[in-house]
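A.B. asks: fold the following, please.
(chains A and B)
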Amino acid sequence: MSEVPDSQHVLDDVVQREYQYGFSSDIEQELLEKGLSEDTVRFISAKKQEPEWMLEWRLEAFRTWQRMKEPTWPNVTYPVIDFQDIIYWAAPKKKEGPASLDEVDPELLATFEKLGIPLDEQKMLTGVAVDAVLDSVSVKTTFQEALKKVGVIFCPMSEAIQEHPDLVRRYLGSVVPVGDNFYAALNSAVFSDGSFVYIPKGVRCPMELSTYFRINARNTGQFERTLIIADEGSYVSYLEGCTAPQRDENQLHAAVVELVAHQDAEIKYSTVQNWYPGDAEGKGGIYNFVTKRGICEGARSKISWTQVETGSAVTWKYPSCVLKGDHSIGEFYSVAVTNHYQQADTGTKMIHIGKNTRSRIVSKGISAGRSQNSYRGLVRMNATATNGWNYSQCDSLLIGDQCGAHTFPYLETANSTATVEHEATTSKIGEDMLFYCNQRGIDTEAAVALIVNGYARDVINQLPMEFAVEAQKLLAISLEGSVG
Amino acid sequence: MSVSAFTERIRSLAQHHDTAASEDAYAALRRHGFSAFERLSIPTPRHEEWKYTNVTSIFDGTLVIGATDAAQRPATSGAEITRALGADVIVLHVQNGRLQQDEHSVIEGVDLYDLRAGATTDDLQFLASIAKVDDHPFVALNTAVHDSTVVIHLHRNVHLERPIHVVCSADTTTSTQLHAPRVLVVAESGSSALIVESHHTVGEHAAVCVPVTEVVVQAGAHLQHVKIVADEGQGKHVGYTAATVARDATYASHVACLAGAFTRNDLVVQLIEPSASAILNGVSVLHGSEMADNHTVVDHRAPHCRSEELYKGVYDDRSVGVFNGKIFVQPHAQKTEAYQSSHALLLSDRARMNAKPQLEIWADDVKCSHGATTGQLNEEAVFYMQARGIDRAAAKALMTYAFAAEVVERFPHEGLRSLLEQHIAQKLEVSR
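C.D. replies: As a prediction, this is how the structure comes out:
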């Protein structure tokens, strides 16, 4: 009988494993000098040939940001960020608007190919339309024509500002106001691109929409802005993926995502976040400070957030639902994995305003190495939330004795007919479970992957099929065998 | 009416103390308290620990600080608890922060005395060793203004059969009061006892009580500690209790908030040696515009320790409940078992409950869980009773009572349990 690899050996193996997407591409790029001022904001706005109202909006955000202080309450530590030491604009050099794929820089195509995101429509899995964003700009949005036929608008944010100004003006900043928080204000001032989605009344979006974010340039920050509007009775499923090259310095990613679901509409938003997490010594990696919020504006609307978080050196994000419409539903499913020196402070907010609103939170934290993993969540039942219902479950799995798991749930109830239930557990992968698997011929490495995948199954099951497969692989890569 | 006026009063009191200061250890401690309070000040709701409870409104410049020598009236609610504890109860009256007994008494192996400036006993070493002056604004305030410390010292292997009742009260007939009772309990190894602490006010003027109780539970000792806040008067309560529990010892805390316009309890239990255990029970039954905020911390600092916590509350009218329960499992505190649950029942649409259960874990071989719920009675259970001929109102009253009584059942002492159950039943009756 072959010997089962001992856990320390397996752990070492994982520590030495390299980040799969750590390569950087040699693409000719146009970079703005480091630094942030009103001129930077004006430059970005001019670069995108934005109308006057958009510039005004950005400048107001910038002035608001200048008056704000960086938050210190999250349970994470990192050196002070010098906002003047960041490049706010980095774009691949290109000829005037590539109309077809042939005009896109082949190096760029190769980059996305390497990431497993072919931008050639023929090569793609049918049923997924992709908006590929490299550093500050959108490179290519696929299947735009096919979507146009059913009235769905799926385009880069900069294009939406030009072509659908009424929609953008009406909804931009309506869910996450400019002054919402420090990083949202910063994003509002300097955001460069992102995706814009509008699903008209009664339309069920025929394919999955997806945006792939890639940071490539050195010293840059990525600030993208996503806005999704689902009009009455519509449905859309949206996927987000992200990676970055392996570099020694930390890079900032501060995005804002806004979702609006009107009456009877449903938005399903899935994220597989795999930013470069830094090396085994905690050097480098992305600071992921993201504001995501959706509003269930109309009756019987539904917003569902699913996230698999494996990357980033520091994560700070709380995808939230404001349940305003009566009978609206909010959901949050999350798996957050931290290894080495990663830190994650993530969770959700469910604000119940309408009657008979329901929300469900399932959060699975997995910490290994010397990482710190925190769940922070708010469930608020306003006095108006008659018969509101919430169920939260947050479990932590600890692998090794040098990591930490933390839960900070806030449960605020101001309505006697509302029900709030919260459960949390902390445990480790039991020796007995591993032994059971070993005994049946499953080696330790595979057994851990099996147990972790089982543990995260409630969340993985919520992902669209292609993503679920990717997420399962990611979990295995991040953790397999790292049993102490 | 402002915090700054209050802080100014404390400052002038500190200057007064400074001029009268001696080199005494007690004076030094008080000075430490003053400087810490100066730095920490009265917290605002912007402070995470005080997010749901605004204490700034209860401290103002009109509060009279320090004990008065006027004849004090005893609180009837205190006498009721004393009676419930039976004929052999040992009663310690602490009025406006000072123990009403001058001599050092020794009863069945237990030292009971008032530790004051100038005293030189071994118990001085424990003072402010568990409740950290620099960490908490109200420990600092108590340390700064308190007059003396009530010491209950159980000697080695003493099993005290008689319950001890510490009655803390303030008489506000002539003026408002800020009173700062301070209690130190030392349970030497192998000892056991039941200590009941209750807080009351008599008189028409407002009173603010900022008590600090420190408990040292040494190896193998078993201490039951009951705290009752049942203030029908004008008293407001901002209390702090801290305990350390050594090897194989048990500390059981039982907190009942059955009346009081403003109650805040901080309870910090540290399990410092292997196989120590802690039990935390708490019950609040409130109506009108009463408020009770329970903040608990169970800090597992050693392996093989166990803690179990159950807090429940019933809130009617415009009453507000707050629960924050932290469990810390420090690195190397392997094989920890820590369980916590908190449940709240809202009987009115204007009542509110804010809960924040919190786990912070740095060790991997542990079993920890918490559960928190806020909601209503189970409709099916109510229906079950209705189907058996119990009318709806009675069925609900019965279930509400049973909900709260589940915690009281875990309290020690038969007489005390029936008194508390009676109180809860009466209060729910009034609420209906």
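
A.B. asks: what's the separation between B:S57 and A:S210?
C.D. replies: 52 Å (CB to CB, to the nearest Å). Heads up, the C-betas are built off the backbone N, CA and C, glycines and all.

A.B. asks: okay, those two: which has more neighbours?
C.D. replies: For B:S57 and A:S210, the more surrounded residue by other CB atoms under 10 Å in any protein chain shown is A:S210, and the numbers stand at 23 against 12.

A.B. asks: helix, strand or coil: sort out the more buried one for me.
C.D. replies: With DSSP: H, G, I helix; E, B strand; the rest coil as the basis, A:S210 sits in strand.

A.B. asks: the closest residue to chain B within the stretch 151-300 of chain A: neighbour count?
C.D. replies: Across the stretch 151-300 of chain A, no residue is closer to chain B than A:N181, which sits at 15.6 Å (CB to the nearest CB). By the criterion of other CB under 10 Å, A:N181 has 18 neighbours.

A.B. asks: for B:V133, same thing?
C.D. replies: So B:V133, with other CB under 10 Å, has 22 neighbours.

A.B. asks: got it, and the one 3 residues further on?
C.D. replies: Using other CB under 10 Å as the criterion, B:H136 is surrounded by 21 other residues.

A.B. asks: which residues does it contact?
C.D. replies: By CB atoms under 8 Å, 6 or more residues apart in numbering or on different chains, B:H136 lies in contact with B:L40, B:Y240, B:D266.

A.B. asks: how much space between the last one and chain A?
C.D. replies: Yep, that's B:D266 we're talking about. From B:D266 across to chain A, the span is 18 Å (CB to the nearest CB, to the nearest Å).

A.B. asks: is that residue in a bridge, and if so with what?
C.D. replies: Under the criterion DSSP bridges, B:D266 forms beta bridges with B:Y240, B:H295.

A.B. asks: you'd agree it is up against B:A243?
C.D. replies: No. Look at B:D266 against B:A243 with CB atoms under 8 Å: they stay out of range, at 11.8 Å.

A.B. asks: more crowded one of these two?
C.D. replies: Just comparing B:D266 and B:A243: by other CB under 10 Å the higher neighbour count belongs to B:A243, 25 against 21.

A.B. asks: tell me the buried residues in stretch A:172-183?
C.D. replies: A:L172, A:G173, A:V175, A:V176, A:V178, A:G179, A:D180, A:N181, A:F182, A:Y183 (16 or more other CB atoms under 10 Å in any protein chain shown).

A.B. asks: typo on my end, stretch B:130-139
C.D. replies: Buried residues in stretch B:130-139, counted by 16+ other CB under 10 Å: B:I130, B:A131, B:V133, B:H136, B:P137, B:F138, B:V139.

A.B. asks: now swap in stretch B:83-96 and tell me
C.D. replies: Of all the residues in stretch B:83-96, those buried under the rule 16+ other CB under 10 Å are B:A84, B:L85, B:V89, B:I90, B:V91, B:L92, B:H93, B:V94, B:Q95, B:N96.

A.B. asks: cool, stretch A:435-445 as well?
C.D. replies: A:C437, A:I442, A:D443, A:T444, A:E445.

A.B. asks: which non-adjacent residue is nearest the first one?
C.D. replies: For A:C437, the nearest residue in space outside its immediate sequence neighbours is A:A447; the separation is 3.5 Å by CB to CB, 6 or more residues apart in numbering or on different chains.

A.B. asks: from chain B, how far out is the one you found?
C.D. replies: Applying CB to the nearest CB, the value for A:A447 to chain B is 17 Å.

A.B. asks: low-confidence stretches in chain A?
C.D. replies: For chain A, applying pLDDT under 70 flags the ranges A:1-29, A:92-129, A:134-140, A:216-218, A:243-248, A:466, A:476-484.

A.B. asks: what's the answer for the stretch 1-150 of chain B, then?
C.D. replies: B:1, B:17-23, B:66-74.

A.B. asks: need phi/psi at the residue in it positioned nearest to chain A.
C.D. replies: Distances between the stretch 1-150 of chain B and chain A by CB to the nearest CB are smallest at B:E48, namely 7.2 Å. Backbone torsions of B:E48, given as degrees, to the nearest 10, read phi -50, psi -40.

A.B. asks: for it, give me its contacts.
C.D. replies: Counted by CB under 8 Å, 6+ apart, B:E48 has contacts A:W73.

A.B. asks: what does A:Y235 give?
C.D. replies: Contacts for A:Y235 (CB under 8 Å, 6+ apart) come out as A:I199, A:V203, A:R204, A:C205, A:A265, A:E266, A:I267, A:K268.

A.B. asks: which one of the residues you listed is nearest to B:F403?
C.D. replies: Within the contacts of A:Y235, proximity to B:F403 (CB to CB) peaks at A:E266, which comes in at 37.8 Å.

A.B. asks: specify the beta-bridge partners of the closest one.
C.D. replies: A:E266 forms beta bridges with A:Y235, A:K302, as assigned by DSSP bridges.

A.B. asks: check B:I327 too.
C.D. replies: Applying DSSP bridges, one finds that B:I327 bridges with B:V298, B:L359.

A.B. asks: tell me where the chain has helices.
C.D. replies: If you meant another chain, say so; for now it's chain A. Along chain A, counting by DSSP state H, helices occupy A:7-16, A:38-47, A:52-67, A:106-114, A:144-149, A:157-163, A:165-171, A:182-190, A:431-439, A:444-455, A:457-460, A:465-479.

A.B. asks: oops, I was thinking of chain B
C.D. replies: All helices of chain B, identified by DSSP H, fall at B:3-19, B:25-40, B:76-84, B:137-145, B:379-387, B:392-408, B:414-431.

A.B. asks: re the thing from before, okay, among the contacts of A:Y235, which ones form the most distant pair?
C.D. replies: Among the contacts of A:Y235, the pair separated by the greatest distance (CB to CB) is A:V203 and A:K268, at 14.7 Å.

A.B. asks: contact residues of the stretch 251-400 of chain A facing chain B?
C.D. replies: Applying CB under 8 Å from any CB of the partner chain, we find that the stretch 251-400 of chain A lies next to chain B at A:M381, A:A383, A:S396, A:L398, A:I399, A:G400.

A.B. asks: quick check: residues of the stretch 301-432 of chain B near chain A?
C.D. replies: B:331-332, B:334, B:344, B:346-376.
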